[in-house]
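>>> here is a sequence with its predicted model. Questions after.
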Amino acid sequence: MTTEIAPSAPAAPVAASKKARVPGGTARDVRLLSGLGHLALLVWAIVVIAPLLWIVLGSFKTNTEIFLGGAFSLPASISPDTYIQAWNEANVGRYFLNSLLVVSLSTTGTMLFGAMAAYVLARYSFPGNRAIYYMFVSGLAFPVFLALVPLFLVVNNLGLLNTYTGLILVYIAYSLPFTVFFLAAFFKTLPQSVAEAAMLDGASHTRLFFRIMMPMARPALVSITIFNIIGQWNQYLLPVALMQGENADQKWVLTQGIANINTSAGYQAEWGALFAAVTLSVLPMIVVYAFFQRQIQQGLTAGAVK
Amino acid sequence: MRHGKYPFIVGFLAAPVAIYVTFVIAPYAQAFYVAMTSWRGVDANPSFVGLQNFERLLQDDVFWTALRHHGVLLLAMPLITIVLALFFAFMLNVGGGGRGGAMTGVWGSKFYRVVFFFPQILAVVIVAVIFGRVYAPDESGLLNATLGAVGLEPLLFMADPGIALWCVIAVLVWQAVGFYVVLFSAGMASIPKDIYEAATIDGANRVNMFFRVTLPLLWDTLQVAWVYLGIAAFDAFALVWVLSVDRGGPDRATTVLGVEIYRNAFEYSQFGYASAMGVALFFLTITFAALTLRVSRRETIEL
Amino acid sequence: MSVTPDSTSDLSRRSLLQRAAAAGLLATPAAGLLAGCVSGGGDSGPKAEGEKSADNPLGVKEDAELEIVIFNGGLGSKYATDVHIPSYKKKFPKANVKFSETQEVGTVLQPRFTSNTPPDMVNNAGSKLMDQGALVQAGQVQDLTELFEAESLDQPGMKVKDTLIPGTIAQGTFNDKPYVLNYAFTVFGLWYDAALFEKNGWTAPKTWAEFTALCDKIKAAGITPYSYAGANAAYYQYLVMLTSAAKIGGPDVLKNIDNLEDGAWQADAVKQAAEAWAEIGAKYGNKAHLGLKHTEVQLQHNQGKVAFYPSGSWLENEQAKDTPPGFKYAVMPTPSVTGADKLPQTAVYAAAGEMYFVAAKGKNPRGGMEYLRHMLSKEGAKGFTQLTKVLTVVKGAVDGLEISPGLTSSNAMLTAAGSDYFAYRFDTWYKKLDDEARSATNELMFRGGTAQKFCDRMQKAADAVKKDSSIEKFKR
């Protein structure tokens, strides 16, 4: 994918150099850069969009058309059959709502608990502070599936297997390392003077946190919220391990649903329906993204700069 | 200030620490213990074997292959992603040249930013399903159909052990670039306009400007990016698992530690051995993080 | 420490060792605690048991709940919900049968076995199946001797074991005890489109020379003569390759491999077979297919782009939806590699497959066995074949049933083989060897590997398994 940019590059100087009026090497370089740059941007945009559009095209094809017809040829007939199949048999709609429910609750929980822990760890000194901080941060380094079986036992013993409560708690727990790591760094940078002033005014620690520190940390909170939403939305291994038992397939999240069709495509070869399901699950993301892309980018802006 | 400090600390830490210890620390601690047993995953009383699993690990070719792949991922993936993202971000923010004193992006930069970022919000499972078809080794695949259209021989992509790992890296980059474009754009936007103005007055062109102004002032953001990408490089499991031929193949050409851990645990039922791999991975990741943090701290001081 | 070699010092040494071990545990106080966690709930509690009688030979408790888990793959799960569960419930109307299906058997069930809360009957299959050997080793699997000795459900006067195709019980035996029921009876060969062959005047080859000569003709006609899917189905290929090896050197070749005998993979027969197939791969294969999944290559087979395809008798059903109307599935045994093969060309790889077992530590192991008895009834087997187009191990269950051309062809092949059919077990006993064989086969067939390299590589892997004391070994 990345190499595609390089071979197409030599075409650019011709167009760019025509416009080069300023004499001298550097000026020409600049034009060249500009021309190359435009082209590179365009190529990358195509590289990003093309696979997605192509999958949409494929969702209307039969197996035979997908594998033996031309890759760019149009399907013999456009019918919504594959979409109906994806919707009915693969329950894409239900899984989407399940994902929405789980992720909205787990992200809220992650933000609340993560911010609380990060704040205390960043701004209060007490014995064991470093130990707890490193305990959280070390979680960044551990591969999740290693804990899978012991985790299952823990969840099972708590009677939370195949429940959203269990899944949400586990999501929160596994999102804490990065959230704490990120927010602690941010809380450290907030000015001490504001906190001191508030305390002089008689504000309690709790009040200080919710009324003053949280609003001040808003950019970082927005940023890490987006991180967590994306991360938890994409989670696959944890729900596979924890959402099982009677009627578990009613409670599956979207990634499980998609993977399930992908596996059955391996057995029964329903590739069109698989592509339709992929399209259906991507569409709402596009819509949400189209509406909120400014907030998403602003959130990241604030988070990244500091 | 002192009043009520400890109740407050305990109150705020209790819930997060309880959740974290229950669902993360306890299972991982068990995993550490399991690494020193010959547990097969289904028997109730694993026998303790000490460091035997780790000794085996050192002689396991597959383990070293996987480690080598992490090395490649760790170098190539962040590097390619950062270079591309920096270039795009520069074009989008400063590439349009000075207009009325302010630096602007190229035409359509807003559109590009939206499009580039989009793959980031797709689930890895979905990305893997999509690229499974994009990389199809015959002309039913998007890439091979494109190659065929310009008269080139089809490539085997995931089926060619020589390039399969690079195909995986390409997908990781494909998904990541947009995020870092936005990240770097944010960094660039925070660079004061008058610095650019001053540079323009001094006669700096855009190439100079990039290397003399943008890059140094973006150094902190670059380090953040490197850490994020490094963590991602250790977590290529899901993509490799779904996308690669023969799960980590052909012939382990794309395998990573996660895949081997999964395979040993859930396919060979050698949980002890798999856990030992996980422990090794844990120390590797810790080392990487520690090194990166140390390096970045020194840099910050130097600045 | 200086101890004189007498009995007291021996004793003291032992107690010393024990103390050292205890100290080791104390040094890591968490270890004992964690071990407790790992082992989960301990014993699973009382097992449901009822009165044994002629009508209820396995002593099933009539109202005990029964939980079964079915792998939802190529066979679907309809045969369970529409045939076997109703059959069980008809016999025990008070029993509640809890049914669930999954495509990730290992991921879903492994933790349940660990915590000693397994379902009662499991269909252990699919790409994520559990290591059956490890389960047996851990004492998780019910000994099925009682089931096979019990009277058949609908063939009065016959014991269950007498209603089965010979070799069925052996296929599920681990160290002399039957633990697993392999229910589906599958025969393997090279599949082709009889209509295509007829149109071109091609006939099924019997010798290797005929085979390669035909492949040349097919290649000249613009068709890929032979292919399989490297991405996920390399075991179809090592299966036919080892079939060739067994034909060259006799079935003991496979037995030696299963028993991890020294040099079993380096036997001449294996080498010759690998050599012969490597040539097919190099000259008549399609390198791109290393990257394809089995369904994709099968689709090409259906479209007449691939002539020979190695697979089992489920193929026809699996492809039912994508098979064009003119396509006529037919199957042939692998051609003889040498003129001096120990087994005739008609010999085939045929085996009972698709594992079903009863959890020994479940709540209702008797119900689990009873469920298998219902599967092994004539009606149960017939219903299964009707729904899946796959034969079962129950003799004569499909008599008088209309069957498809592919099934007819594989039946004919099996009949022609007579008693010359064989199978290996190493792939289920030692999953690691299965994986290695897949990789090694892909190397041999697609990537210019040599027979010598293949044999050495497999021998090395087999030796490693043999040396690994943590893996229980099996013999046959």
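Received, thanks.
>>> I'd say residue A:161 and residue A:151 touch.
No - using CB atoms under 8 Å, residue A:161 makes no contact with residue A:151, being 10.7 Å away. In this view, the C-beta of every residue, glycine as well, is placed from N, C-alpha and C.
>>> any shared contact partners between these two?
residue A:242 (CB atoms under 8 Å, 6 or more residues apart in numbering or on different chains).
>>> quick one: which of those two has more around it?
Comparing residue A:161 with residue A:151 by other CB atoms under 10 Å in any protein chain shown, the one with more neighbours is residue A:151, at 27 against 23.
>>> so which residues on chain C come close to chain A?
C:37-38, C:40-41, C:72-74, C:98, C:100, C:102-104, C:107-108, C:110-111, C:114-115, C:117, C:232, C:293-296, C:298-300, C:303, C:305, C:318, C:321-322 (CB under 8 Å from any CB of the partner chain).
>>> skip the chain neighbours and tell me the closest residue to the residue of the stretch 1-150 of chain A found nearest chain B.
Across the stretch 1-150 of chain A, the shortest distance to chain B (CB to the nearest CB) belongs to residue A:71, at 3.2 Å. Nearest non-adjacent residue to residue A:71, counting by CB to CB, 6 or more residues apart in numbering or on different chains: residue B:145, 3.2 Å away.
>>> show me what contacts the one you found?
When contacts are counted by CB under 8 Å, 6+ apart, residue B:145 touches A:70-72, B:139.
>>> look up phi and psi at residue C:394.
When quoted as degrees, to the nearest 10, the phi and psi of residue C:394 stand at phi -80, psi 120.
>>> what's the neighbour count on it?
26.
>>> now do it, the pLDDT please.
Per-residue confidence for residue C:394 comes out at a pLDDT of 88.
>>> ok, now residue B:195?
77.
>>> in contact with it, which residues?
The contact partners of residue B:195, by CB under 8 Å, 6+ apart, come to B:213, B:217.
>>> which residue comes closest to whichever residue of the stretch 151-300 of chain A sits closest to chain C once chain neighbours are left out?
With CB to the nearest CB, the shortest gap between the stretch 151-300 of chain A and chain C falls at residue A:152, namely 3.7 Å. Closest residue to residue A:152 in three dimensions, ignoring its sequence neighbours and counting by CB to CB, 6+ apart: residue C:111, at 3.7 Å.
>>> got a list of what that neighbour touches?
Going by CB under 8 Å, 6+ apart, residue C:111 touches A:148-149, A:152-153, A:156, A:241.
>>> need those residues in a markdown table with distance to residue A:176, pLDDT and secondary structure, can you?
Below are these laid out as a markdown table (distance: CB to CB, whole Å; pLDDT from 0 to 100; DSSP: H, G, I helix; E, B strand; the rest coil):
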| residue | distance to residue A:176 | pLDDT | secondary structure |
| --- | --- | --- | --- |
| A:148 | 18 | 74 | helix |
| A:149 | 21 | 71 | helix |
| A:152 | 19 | 78 | helix |
| A:153 | 20 | 75 | helix |
| A:156 | 21 | 79 | helix |
| A:241 | 19 | 75 | helix |
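>>> so which of these wins on neighbours?
With neighbours defined as other CB under 10 Å, the most crowded of those is residue A:149; it has 29 neighbours.
>>> pretty sure the residue of the stretch 151-300 of chain A closest to chain C contacts residue A:243?
No - contact criterion CB under 8 Å: residue A:152 and residue A:243 do not qualify, at 11.1 Å.
>>> what does the residue nearest to residue A:71 show for phi and psi?
According to degrees, to the nearest 10, residue B:145 has phi -60, psi -40.
>>> and the gap between the residue nearest to the spatial centre of chain A and chain B?
Nearest to the mean C-alpha position of chain A, by CA atoms, centre = their mean, lies residue A:230 at 2.3 Å. Distance of residue A:230 to chain B, given as CB to the nearest CB, to the nearest Å: 6 Å.
>>> let me see the contact set for the nearest residue to that residue once chain neighbours are set aside.
Spatial nearest neighbour of residue A:230, excluding adjacent residues (CB to CB, 6+ apart): residue B:121 at 5.8 Å. Residue B:121 makes contact with A:230, A:233, A:285, A:289 under the criterion CB under 8 Å, 6+ apart.
>>> try 10 Å
A:226, A:229-230, A:233-234, A:282, A:285-286, A:288-289, A:293, A:296, B:175, B:178-179 (CB atoms under 10 Å, 6 or more residues apart in numbering or on different chains).
>>> in ChimeraX, how would I select just the buried ones from these?
Per 16 or more other CB atoms under 10 Å in any protein chain shown, the buried members of the contacts of residue B:121 correspond to this ChimeraX selection:
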select /A:226,229,230,233,234,282,285,289,293,296 /B:175,178,179
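>>> got a list of what residue B:18 touches?
A:113, A:173.
>>> for it, pull up the helix or strand it's in.
helix B:5-20 (DSSP states H and E).
>>> before we move on, what about residue B:283?
In this structure, residue B:283 sits in helix B:271-302 according to DSSP H and E.
>>> figure out how far that helix is from the centre of its chain.
Relative to the centre of its chain, helix B:271-302 is centred 14 Å away, using CA atoms, centre = their mean, to the nearest Å.
>>> quick one: that helix near chain C?
Yes - with CB under 10 Å from any CB of the partner chain as the criterion, chain C is reached by helix B:271-302 at B:271-273.
>>> which one of these is nearest chain A?
Chain A lies nearest to residue B:271 out of the residues of helix B:271-302 next to chain C, by CB to the nearest CB, at 6.8 Å.
>>> burial measure for that closest one, as a count.
A count of neighbours around residue B:271, defined by other CB under 10 Å, yields 32.
>>> now the one 10 residues further on
Taking other CB under 10 Å as the criterion, the count of residues near residue B:281 is 23.
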